[in-house]
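Undergrad: 3D, please:
(3 chains)
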Amino acid sequence: MKKLINLTINDQHYEVAVEPNQTLVDLLRYQLGLTGTKKGCEMGDCGSCTVILDGKAVNSCLVLALQADGRSIQTIEGLETGEGLHPVQEAFVEKGAIQCGFCSSGMILSAKNLLDQKSNPSEIEIRRALAGNLCRCTGYQKIIEAVKSVPQAN
Amino acid sequence: MSEYTVINSRAVRVDTPDKATGKAVFIDDMTMPGMLYGALLQSPLAHARIVSIDTSKARNLPGVKSVVTAAEAGLVKYGVSPARYDETLFCHEKVRYVGDDIAAVAAVDMETALKAVSLIEVEYEELPAVFTIEEAMKAGAPVLHDNYPGNICAEVHSEFGNVEEALADCDLIKTTTFQNKRQDAAFIEPQGCIASYDLSGNLTLYSSTQVPHYVQRTVAMVLKLPVGKVRVVKPYVGAGFGIKASANPLELSACLLSMKTGKPVKMNYNREQVFQYGRARHQFTHTMTTGVKKDGTIMALKHLCYLDGGAYSSFGIATVYYAGSLLGGPYKLPNMKYDGYRIYNNKPACGAMRGHGGVAARACWEQQLDMIAEELKISPIELRLKNMMVAGDVTCNDLNMSSLGMKECIEAVKDGSEWTAKKGKLPKGKGIGMACGFFVSGAGYPIYRSDTFHGTVIVKLTEDGGTALVYTASAEIGQGSDTTFAMIAAEALGIRLEDVRLESGDTDFGVDLGAYSSRQTLMTGHAVKEAAEDARRQVLEVLAKELNVPVENMDIKNSLIEFKQGNVDFTGLRTRYSKEHRGWNDNPADGPLTFREASRIAYLSKGSIVGTGKYKPPELGGKYKGATVGTSPAYGCSAQIAEVTVDEETGQITVDRITDAHDCGLAINVTSVEGQMEGSVSMGLGEALFEEVKFDKKGHVINADLAEYKIPTMLDMPQIKTIIVESNEPNGPFGAKEVGEGAIMPTIPAILNAVYDAIGVRIHELPMTPERVYLAIQEAKKGKTG
Amino acid sequence: MLLPKFDFHEPKTLNEACQILAAYGVKAKLIAGGTDLMVNMKKKILSPEQVISISRIGELKKLDTSGDSIRIGSCFTVADLSTSDAIQKHLSALGEGAKNLGTPLIRNLATIGGNLGSARPAADLPPALMAYGAQVVLNSLSGERTLSLDKFFLGPGFTAAKPDEILSEIQIPSLPPHSGAGYINIGIRKGQDCNLVNVASFIALDTDGTIRNARIVMGCVGPIPLRASSAEKMLIGQKPESALFARAGAAASLDSTPIDDFRGTAAYKRDMVGVLTRRTLDIAFREATHRQ
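TA: As a prediction, this is how the structure comes out:
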């Protein structure tokens, strides 16, 4: 039986009815039309479904929609500001860190989550923080360059 | 400073802002009104006779709209190469691997479709199955396809020169056997599609494919539709690497179900089905015998290869040829003999994957060349340079190296890695190794033998002036081809990149054979260039008439018209343009005549300005059987140096650094060239160290997920230093040629040679897992003490 | 991939959770981070009728280092373990296990309780926790009991927790002076890997510098994480030095009972137990000499 939940996605409040066996990624993609969050494996192995849940990057394929009740979610659609691309998005575009683009949403959110927690991360810190996001196209080189190039507050 | 204004630069890709913001639409992001969901019934057994199929319970399930089997689909044989069409959409007599397709269902939602699949009752009579080359070739082994006795799907026998004679004169003869493992492409987006059949009998298929054109033809052929009624459209694709380069059962099933129901039907593979469908790199077992002179001159190569093919041919015929032909270069090799066999068995079919057919062969041979260099006490670099071909050389199997920056690549990685300071001077456990490789820049012939153009392109100028629309059926699958072609169009027209809009991946735009065999930059690129030049010529011809200036005295650059011989009075044209746009506040008022004005004037004179372009390779060499596989208008080449650390107690290898130089002719988009090089290295590194699709004794894939099938993570990849070497390819548009696949060739052997340098032990089987390396070290120790 | 159908419960207190669990027993499964259960449900390995989320129970999320023992709530996340200064200071081997578990995305969801409760032989946290002598606290309507982690694991996927019991807390006795521990895991690749072998070692030194106490725990080489008893015995009363650690490694190899599987052969895993035991003892000894 469906249950009503309340959640905040990209600073917007939603009240939606979800099935107990519905995953967060399916809620986002198929019910709310937020298709920027991708599904690559559905087992928590690839990271293409990464969203930021209460400030932490997680695999949204491993979260039940009901578990997101009352929580705050950021998806790739929520990164752009009135002034345009988020600096992490800008860096990925500028540095050529995107090829097929299927991992990019998740990769960008993991990178943003890292930079929110730590400014000027070292290369190994970047590699550790993004190790849950698989990319088969880039060899990761330009992704790392992009993350390094994001302007930092201090 | 480049002589070009748009190409040969670092351009921001046209598709990436949408991809960075989640706006780019991939197949599973699409929905259509009234859309149904399809699911497949796939065989749980590796080899079985189908006694009966009962779909009545499935059909009666509420919400089910259609159930189709071979009875509805028909028995038209299809595949990749017409010489080996050995598949039908659904199995009718027997199943040949776990995952072979038996039926498909369309229903109102996925849950109902899956439930219906579970209600289809199939009675099987299990048959003995074969899973290895040895089992499949044994006398009396069960046969998969009646018309291929002995389970030999294809065999190749070729000899150029006289190998036995040459070997008799050699000072050193080396034989090694090498084996890689079955790979999965592990693209992050699983295959998916939506088919939509309308009331007028038009079928549109949206699919995650690399080859809209081949899919269009296959769908038309299998479902017996006029090809003109079938349109294939490719949304953004989450990469393919060769596996999405042919029509798959999802696409055909969705089309059939849509035709049956009159509704759009969506179908997807889940990750397990991606592995189960397979079609990625074969397992190759190579035995190579190389003969050289004392001074290191390579004289002859005798080569035997077995390919573990799986249940169907897929690309396999081409694969077994490539496995031999791609050793013809880049070294001067006067004598080469090849015997190749592709063997059927009851596993998913293997097919084409990045570096098609050549990757394991290259790894085997480049390691063997290092062994030879060591015995002759010649440095590996010297041995390679000594035998290296140069531009204009033709291999013994008639591959024409019309450009070849191989020596430059070797010098570049040697300097870039500080090879000389490191080779032979590293502590135990650390090693450095190098290797070379090359690859076709587009298959010389279509997969179906034909006189077709390989690409046609239309460039249409917007009637209001100023923007060029490029229509190409080529496939952007992540490699950056849309940007490359937009850049080529801009350069050839003389306009800015932002004045080009490009649409691709739709069979309605023309013919393009698609993204495989590293063909698009050269082949589609040529067609784009020709179409853009055609449009440019038409604009200038109108201007010539209007202004009474010869065409050759005009040029277009940066979207401005340049007059080479002094000032030309074009105020009349400018006034006309302004009158066409009364009340607009951005009409050009002063300064040079703009392309925007010129293209409007051209339209007013001639109607829509449409430039067309086409490409077909020139006549290529080779008159022998199989010459169509390996011959190409051009060849990209590369050299790499790997530096590794090996933990000798655990066998764990860390790749510390890769230095990679690739000759791509002229780099159209420098960033994209580097991206292809870096991506190739990572795929090669995965194959070298981690990747292997494994099966249980019943033919099920054990590791059908991205946890147990291990591709490199960010923690596994080293820093890659990329160096672009630019030869000028006479057969390429603006001198450009491939980078997407050639760049993977040296990675595995460079790592193999570096590992040997680190531990003094040769490894002849991939992947180099910690256990395999550890065992090799233990064996070597036993050898020394025992 | 569709999940099986189930009813979902989200109690706010441990007591409420115990009540729901008592009502459904074996028909229910607990979910915390979900990184194990969700995958098993998608693969249809598990199809519980009732799913009880304990991730909103505040009392299960604490980390308390104030008392005699360190107490970690079962819903404390692996990410928090891996970044906690207190864990790094007191339980570095556990921190190391946490850093190497899954991926950053998994660690943000996964909990310490889940990593124990799923009872996977290759899990990253049990070896260090067992080496530290941890106990688990199990709650049910009938009360609370503590159990040594040594006695908690029964087999792959099976624990000593009864169907109505909830693992609420992990307690680690405070460490004696001059003690230390080390943890190393190896896999095929460096990121995101299922372990081939993982070992944690703990030693405590006497005032004369000899080894007073030692615990060595080996993962992936038996149906449950195993104590290397003969290796431990060999160490006690001895002066720590590398030759001794190498002998202990060899003994641990013999203590292990690995099997061949698609990830690796028993022989390789056994040899790696020896290497990792020696290396973790080195780390433990280094830490022991620094910890006052």
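
Undergrad: quick one: low-confidence ranges for chain A?
TA: A:153-154 (pLDDT under 70).

Undergrad: switch the cut-off to 50
TA: Residues of chain A that meet the criterion pLDDT under 50 are absent altogether.

Undergrad: And the strands in chain C, which stretches?
TA: Listed from the start of the chain, chain C has strands (DSSP state E) covering C:7-9, C:28-31, C:50-53, C:63-64, C:69-73, C:135-140, C:143-148, C:153-155, C:158-159, C:166-173, C:179-186, C:197-205, C:211-219, C:226-227.

Undergrad: highest average neighbour count across those strands?
TA: Of all these, strand C:197-205 has the most neighbours on average by mean count of other C-beta atoms under 10 Å in any protein chain shown, namely a mean of 29. For the C-beta atoms, the positions are set from N, CA and C on the backbone; glycine is no exception.

Undergrad: Return that one as CSV; C-alpha atoms alone will do.
TA: Written as CSV, here are the backbone C-alpha positions of strand C:197-205 (Å, rounded to 0.1, in the frame of the first residue of the first chain):
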residue,chain,number,x,y,z
VAL,C,197,41.9,-12.0,2.6
ASN,C,198,41.8,-9.6,5.6
VAL,C,199,43.5,-9.9,8.9
ALA,C,200,43.5,-7.9,12.1
SER,C,201,46.1,-8.3,14.8
PHE,C,202,46.2,-6.9,18.3
ILE,C,203,49.0,-7.2,20.8
ALA,C,204,49.5,-5.8,24.3
LEU,C,205,52.9,-5.6,25.8
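
Undergrad: ok, and does that strand reach over to chain B?
TA: No. On the criterion C-beta under 8 Å from any C-beta of the partner chain, strand C:197-205 is out of touch with chain B, staying 9.0 Å away.

Undergrad: Spell out which residues of chain A are next to chain C.
TA: Counting by C-beta under 8 Å from any C-beta, the residues of chain A lying close to chain C are A:3, A:19-23, A:42-45, A:47, A:50, A:53, A:56-59, A:61-64, A:66-67, A:69, A:110, A:127-133.

Undergrad: Near residue B:647, how many other residues are there?
TA: 17 (other C-beta atoms under 10 Å in any protein chain shown).

Undergrad: What of the one 4 residues further on?
TA: The criterion is other C-beta under 10 Å. On that basis, residue B:651 has 24 neighbouring residues.

Undergrad: show me the contacts for the residue of the stretch 1-150 of chain C found nearest chain A.
TA: For the stretch 1-150 of chain C and chain A, the shortest gap (C-beta to the nearest C-beta) falls at residue C:103, measuring 2.7 Å. Listed by C-beta atoms under 8 Å, 6 or more residues apart in numbering or on different chains, the contact partners of residue C:103 are A:44, A:47, A:131, A:132, B:713, C:191, C:192.

Undergrad: Kindly recompute the last result at 7 Å.
TA: Neighbouring residues of residue C:103 by C-beta atoms under 7 Å, 6 or more residues apart in numbering or on different chains: A:47, A:131, A:132, C:191, C:192.

Undergrad: quick one: the closest residue to it other than its chain neighbours from residue C:192, how far?
TA: The shortest distance from residue C:103 to any residue that is not its chain neighbour, by C-beta to C-beta, 6 or more residues apart in numbering or on different chains, is 2.7 Å, and that residue is residue A:132. Distance check for residue A:132 against residue C:192: by C-beta to C-beta, to the nearest Å, it reads 6 Å.

Undergrad: again, but for residue C:101
TA: In terms of C-beta to C-beta, residue C:101 sits 10 Å off from residue C:192.

Undergrad: residue ranges with poor pLDDT in the stretch 1-150 of chain C?
TA: The low-confidence ranges in the stretch 1-150 of chain C, as defined by pLDDT under 50, are absent entirely.

Undergrad: Next to chain B, which bits of it? Give me the list.
TA: With C-beta under 7 Å from any C-beta of the partner chain as the criterion, the stretch 1-150 of chain C comes near chain B at residues C:1, C:2.

Undergrad: ok, for residue B:321, nearest residue in space, not its chain neighbours?
TA: Take residue B:321 and drop its neighbours on the chain: the residue closest to it by C-beta to C-beta, 6+ apart is residue B:629, 3.6 Å away.

Undergrad: Count the residues that sit near that neighbour.
TA: For residue B:629, the tally of surrounding residues (other C-beta under 10 Å) stands at 26.

Undergrad: doesn't residue B:492 fall inside a helix?
TA: Yes. Under DSSP: H, G, I helix; E, B strand; the rest coil, residue B:492 falls within a helix.

Undergrad: which residues sit in contact with the residue nearest to it when sequence neighbours are not counted?
TA: Distances taken as C-beta to C-beta, 6+ apart put residue B:532 closest to residue B:492, at 3.6 Å, once the chain neighbours are dropped. Under the criterion of C-beta under 7 Å, 6+ apart, the contact list for residue B:532 reads B:459, B:489, B:492, B:493, B:611.

Undergrad: Most neighbours among the residues you listed, which one?
TA: Tallying neighbours with other C-beta under 10 Å puts residue B:489 at the head of the contacts of residue B:532, with 32 neighbours.

Undergrad: Show me what counts as buried in whatever helix or strand it lives in.
TA: Element membership of residue B:489 [criterion: DSSP states H and E] is helix B:481-493. For helix B:481-493, burial by neighbour count (16 or more other C-beta atoms under 10 Å in any protein chain shown) applies to B:481-493.

Undergrad: ok, and what's touching it?
TA: Helix B:481-493 has contacts (C-beta under 7 Å, 6+ apart) with B:4-7, B:11, B:13-15, B:459, B:468, B:470, B:472, B:474, B:476, B:496-497, B:499-500, B:502, B:504, B:515, B:520-521, B:524-525, B:528-529, B:532-533, B:535-536, B:556, B:668-669, B:672, B:733-734.
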